[in-house]
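Participant: Give me coordinates for this.
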Amino acid sequence: MKMTPKTSGFWDPEIYRELEKRNMEDKRLKPKHLAVIFAVTMLLRVLDWVTTSIALERGYIEANPFQSQLMSMGPLYYFAGQMLGTIAVSLLLWISTRYTSLTEILAFDTILFSVPVLNNLTLILW
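Facilitator: Numbering: from 1, shown residues only. As a prediction, this is how the structure comes out:
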């Protein structure tokens, strides 16, 4: 007697493919979501720039050697370096949206760019 796999119900390959397709469609970001992510990222970078400038005026030093070099060239170079870095990270996030949900991107983005701001605020306030 020859055994054949069951092709109906939950284990049906077509149903699995359809579920996977729906899952991938749900994870794709719309342009308006990307705009929100980019705006939040830019706001955090501006806050980083402002809080870093305040901390430097109070006698602290920039721990990042690349940013320190840019700061020694002037605040405009520092700000430009931050914006270029932000654009690069945002592009990488945009490329990865095929595999990443909006929640994951926002969490990563917020954590990544809020850590320097929180560090600077700690230095300024204490």
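Participant: which regions of this protein lie under the pLDDT threshold?
Facilitator: Counting by pLDDT under 70, the chain shows low-confidence ranges at 1-12, 15-16, 19-20, 22-31, 34, 90, 94, 96-107.
Participant: Show me what the longest helix that it contains is packed against.
Facilitator: The longest helix of the chain (DSSP state H) is helix 31-57. Judged by 3 or more Cβ pairs under 8 Å, 6 or more residues apart in numbering; DSSP states H and E, helix 31-57 is in contact with helix 65-73, helix 75-95, helix 102-125. (Glycine included, C-beta is placed from N, CA and C.)
Participant: Need those helices in a markdown table (columns: distance to residue 13 and mean neighbour count).
Facilitator: Below are these laid out as a markdown table (distance: least, Cβ to Cβ, whole Å; neighbours: other Cβ atoms under 10 Å):
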| stretch | distance to residue 13 | mean neighbour count |
| --- | --- | --- |
| helix 65-73 | 50 | 14 |
| helix 75-95 | 29 | 15 |
| helix 102-125 | 28 | 15 |
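Participant: any chance of the ones you listed in a markdown table, plus distance to residue 37?
Facilitator: Below are these laid out as a markdown table (distance: least, Cβ to Cβ, whole Å):
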| stretch | distance to residue 37 |
| --- | --- |
| helix 65-73 | 22 |
| helix 75-95 | 7 |
| helix 102-125 | 6 |
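Participant: quick one: which of those is nearest residue 35?
Facilitator: Across those, residue 35 has its closest neighbour in helix 75-95 (10.5 Å, Cβ to Cβ).
Participant: which residues touch the closest one?
Facilitator: 29, 34, 37-38, 41-42, 45, 48-49, 52-53, 66-67, 70-71, 100, 105, 108-109, 112-113 (Cβ atoms under 8 Å, 6 or more residues apart in numbering).
Participant: Also compute the angle for it relative to helix 65-73, please.
Facilitator: Relative orientation of helix 75-95 and helix 65-73, computed by axes from the mean of the first three to the mean of the last three Cα atoms, to 10 degrees: 150 degrees.
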